[in-house]
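Novice: Fold the stuff below for me.
(2 chains)
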2 protein chains.
Amino acid sequence: MAATDPCFSHADEHLAWLQSQARLPQGFRVGSTKVSFVSAETGKPAESTLTLISLDQPSPVSAGVFTRNAFPGAPVRIGRERLQAPLWSTIVINNKVSNVCAPEGEARSRALCAAVARQLGVDESAVVPCSTGVIGWRLPAAELINALPTAIASLQSATILPAAQGIVTTDLYPKIRRRDFSGGGSIVGIAKGAGMIEPNLATMLVYLLTDISIPREVLRQLLQESADDSFNCISVDSDESTSDTLLALSSQRVTGVSTETFAEALRGVCQELAEDVVRNGEGVRHVQRVRVCGAPSRELARGVGKAVVNSPLWKTALAGNDPNVGRLVAAVGKYLGRHHPDCPVEKTRIHLGDAEIFSGGQFTLDPVTEAQLKKLLEHTELYPAKPAADGITFVPPLRFPSHPRVVPITIDLGHGDAWVEVVGGDLTHEYITENADYRS
Amino acid sequence: MAATDPCFSHADEHLAWLQSQARLPQGFRVGSTKVSFVSAETGKPAESTLTLISLDQPSPVSAGVFTRNAFPGAPVRIGRERLQAPLWSTIVINNKVSNVCAPEGEARSRALCAAVARQLGVDESAVVPCSTGVIGWRLPAAELINALPTAIASLQSATILPAAQGIVTTDLYPKIRRRDFSGGGSIVGIAKGAGMIEPNLATMLVYLLTDISIPREVLRQLLQESADDSFNCISVDSDESTSDTLLALSSQRVTGVSTETFAEALRGVCQELAEDVVRNGEGVRHVQRVRVCGAPSRELARGVGKAVVNSPLWKTALAGNDPNVGRLVAAVGKYLGRHHPDCPVEKTRIHLGDAEIFSGGQFTLDPVTEAQLKKLLEHTELYPAKPAADGITFVPPLRFPSHPRVVPITIDLGHGDAWVEVVGGDLTHEYITENADYRS
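Specialist: Numbers count the residues shown, from 1 in each chain, chains lettered A, B, ... in the order given. Down below sits the predicted model:
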C-alpha cells in the first residue's frame, strides 16, 4: 500500500474505496455463488464460494506462476498443463477446500472444468481451476457442479468485487488494486491470502486482468519479474502454501501501451497487492518493511530480510510495541552465520525508523532512542491489542485497513550494491486464535 | 526426557526429583548470588544472578561448542579463545544481560574474569565467561565484580542445583540430567534455555561436569558428536541465539570408564537435556518428536524435521489440539520443493501417532482417524489452555513437567537410509504473552 493511500475509519469508507478500484477491464465478466457440502474427512458441514472469472472471447495472452511446494494441489498441476493450451477462457475458483493430495484430486478438478467448458461453450483446456482452503480435504465436485448454473447466471461485466470477495478465506477484507492507462485500458488485480504466506516464485491466489494487448511471451516474462519483486518478497508466517497461484490474463482490447509502461503498472499492482496481503495477514498488527542494501547479492539481501520478518521473537516484540532490537540483530546474525559467515559484520548499519540502532559491530542504544522507538511502534500499530472477551479468543476489532503506515527497517551490510525490500508482519495473540482451530 | 521418566503433580515432587539428580561429581564446587543493577539502555532497574562453577584443581580436560550466529556475544568470542588455554578452572555465568555487541563488551567480560582469577588464585585464561539475557545491553561488570566475594563464599561441593537455578531466564524450572557409572564417577549436566532456541552446532547455555578421566581431544570429539545428535536436533522458535554455549569439563578423578561407555552416557545426558529445553520451551504445551527416515542424507532428514517443528501453522494447530495434518504435509513439501525437488513424493509415508495420514501421494483421512488424532493431541498436552485472568496475559499454570509424553510423528521419505529425530514444540498464547514484552 503506497504511503499516499487513504486512512479508513469505517468499513463503508473502505468498501467505497474498493468499489472505486473495482471496474473490470473490457472483455471480462465475473460471478460467484455459495455452495454447501459435508467434509468427508471430518463428517462436518462446511461452505465454499464458487467464483468464475471469464473472458468474453478466449484469449491466447495468459500467464501463470505457481508454488514450488513439493506437494502442490491438483489445480496447480492442471494449471501448469494449461500454460500449454492455445487459449484461456475462464478461471474457476473455490475456497474452503484446497484439493491438495486428496483422493481423486485431479479427476474431481477436471470434472468441474469440463462442466464449466460445456456450459460456457468453450474447450476444456481453456478452463483453469484454482482451489484454496483446508489441505487434505476432498473437493466437493458434485456440489460445485450443481451450483454452476447459478454462478454463470451471476456473471456481470461491471465490477471485480464479487470475485475479490468470493476467493477469500481468513482474509479480513477483499484486496483490489488497479492501474489505468492514459490512453484507455487498465490492469486490475485481486488477491486472496492471509496465512500460510511465504511464496516461492508465486503466491496465494492472485488474478490480474487487463485489456491491454501485449504478446503472450512478454506477459509471461513480465509476470515472473513482477512476482520476484513483490510476492516473493513477503512473508506472513514463513509457511509456503501448496496452492500459491498467480494468473494474468489479457482480453487484448486496447492497443498502443508500451511494454515499459505496462511493465511498470504490472509491477506496481503486484507490489501493492503483496503488501495488502501482509497488511491483512492473519493477526497482523504491525507491517514491517525491511530494506536490505549494501549486499553482495540480491539473493543474500532477500535471505537477510526474510530472516528478520520470519523471526518469531522479533515479530512478537513488535506485537508488544517493545523495541527489543537485539532480536532483530540476532535474526540477521543467524542468517549471515549460516549463509555468509565471511560477511564483515563490523560494516553493518541498522536503522529502525530514523534511529540508528547498530553500527560498527555495536548497538547504539540509550533511553532517548528507546523512547523514540517505542513511539514509532505505537504509531504504526494497525489496531491496539485488546483483551479477549472470553479470555482466549482474540478477534481483530477492524475488518479494514485503518492506515497505510509501516515499521521501516534499513539494514545496510556495507558489502556490495545489491538491495531488496521485504515486507512482513508481527506475531500476535490474534494469529494464535485464528490458527489454533482453523478448520471448525 | 525418556519415556520412563516420572510424572509430577506438584512442584515439590519435581524439586525432590531434581535434588536426586543434582549430586556433583568429585572435584567441583558451585555457588551463586543475586546482583542488582540499572540498564544503561532503558534506564530501568534489573536483577541478574551470578553463578560460579569451579574445579578444585584446574584441569586440561575441557571442551566447548558455540553458536554460529554472525553476531556472537563477547563471552562466546572469549570462550573460543579459552579453548586454547592449557587449563580451565572456573566458569562464571550471569543471566539477564547477554553482552552481545554491547559497548565495551569484551573489556567488561575480561574484567570480570580477571577478578574471578584474582580472588580464586588461578590464571585468567582458566576462567571462562558466559552471559545470557537481553541482547544489546551492556554487562553490569562493576556490580558483578562487587558481588563476587558473596558468590565465592557460597561455593559448595554437594549439589549443582544452585547453578541450575542461577542460570535460568524465562525457564519455568531448572534442568538437570545425570548418568552414574557402575564403577563410580558420573556426568551431570544442566541447561538453560526456553526461547531463541534453534541451535546450530551448539546450544543455549549447557554445562556438563564429570569426574571421569578422559583425554581432552576425545572429550572434544564426543561433545561435538553429542551436540549433533541432541541440541542440533531441536527448535523452540527457530531463532538461533547469539550466545549458545555448550561446555564440558572433567576433574579427572575417576579412571577405568571406557570411551564407548562414556560416549553413550554423554549422548544420553545431552539428548535428555535437549528435550528438557523444548519441554520447558516458552509457552510450549505440546512436545513433538519427528522421526524422519528413508532419507537420502541425514542433512535432508534434519531439514525436513526442522521444517515441521518450525511451521507456525502446524505448531498453532497442535496448540489447539486440532489435527490439521494438511499443514504438516505442506511444511514437508515446502522444504522438499526448495531443497530436494526431485524427491519422489509418492513414496512418502507419514504417521501421526499410530495413524497413517499420508501415503502414495495422498492423504488417508476419515472421521475415525480424525477422532483418534484429536485424542492423541489431548493426551499429550502438557497442560490445558486456560483463559487469561485479565484477558491478555497467559501464564502457564505449572512450573514443572507434568508428564513425559510427546506427539510422535514419523515421516518416511522412502528414498534412502538416513534418519534423524528432531524435537520441537507448539505455538501458543503463552509464547506470545511471554515475548511481547520480555525486557520489562
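Novice: And the pLDDT for residue A:2?
Specialist: pLDDT recorded at residue A:2 is 43.
Novice: Check residue A:141 too.
Specialist: Looking at residue A:141, its pLDDT is 98.
Novice: ditto for residue A:322
Specialist: For residue A:322, pLDDT reads 94.
Novice: Ok, the one 5 residues further on next?
Specialist: Among the per-residue scores, residue A:327 holds a pLDDT of 93.
Novice: now residue A:135
Specialist: If you check residue A:135, the pLDDT there is 89.
Novice: ditto for residue A:166
Specialist: Predicted confidence (pLDDT) for residue A:166: 95.
Novice: ranges for the helices of the stretch 51-200 of chain A?
Specialist: In the stretch 51-200 of chain A, the helices defined using DSSP state H, counting those that start in this stretch lie at A:74-82, A:105-120, A:141-153, A:161-166.
Novice: Establish whether the third one and chain B are in contact.
Specialist: No - judged by C-beta under 8 Å from any C-beta of the partner chain, helix A:141-153 and chain B are separated, with a smallest distance of 15.9 Å. For the C-beta atoms, the positions are set from N, CA and C on the backbone; glycine is no exception.
Novice: packing partners for that helix?
Specialist: strand A:28-38, strand A:45-59, helix A:105-120 (3 or more C-beta pairs under 8 Å, 6 or more residues apart in numbering or on different chains; DSSP states H and E).
Novice: Now do the helix or strand of chain A with the lowest mean pLDDT: everything it contacts.
Specialist: Counting by mean pLDDT, DSSP states H and E, the weakest-scoring helix or strand in chain A turns out to be strand A:234-235, with a mean of 87. For strand A:234-235, the surrounding residues in contact (C-beta atoms under 8 Å, 6 or more residues apart in numbering or on different chains) are A:197-199, A:203, A:274-275, A:277-278, A:306, A:309-310, A:422-424.
Novice: want to throw these into a markdown table with neighbour count and secondary structure?
Specialist: Shown next, in a markdown table, are the contacts of strand A:234-235 (neighbours: other C-beta atoms under 10 Å in any protein chain shown; DSSP: H, G, I helix; E, B strand; the rest coil):
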| residue | neighbour count | secondary structure |
| --- | --- | --- |
| A:197 | 26 | coil |
| A:198 | 21 | coil |
| A:199 | 30 | coil |
| A:203 | 30 | coil |
| A:274 | 29 | helix |
| A:275 | 25 | helix |
| A:277 | 27 | helix |
| A:278 | 25 | helix |
| A:306 | 23 | helix |
| A:309 | 28 | helix |
| A:310 | 24 | coil |
| A:422 | 26 | strand |
| A:423 | 24 | strand |
| A:424 | 32 | strand |
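Novice: Out of these, which one has the lowest pLDDT?
Specialist: Confidence-wise, residue A:203 trails the rest of the contacts of strand A:234-235, at 52.
Novice: middle-most residue in chain A, spatially?
Specialist: residue A:277 (4.2 Å; C-alpha atoms, centre = their mean).
Novice: so it makes contact with residue A:191?
Specialist: Yes - counting by C-beta atoms under 8 Å, residue A:191 is a contact partner of residue A:277 at 5.5 Å.
Novice: Confirm residue A:291 sits in a helix?
Specialist: No - if the criterion is DSSP: H, G, I helix; E, B strand; the rest coil, then residue A:291 is strand and not within a helix.
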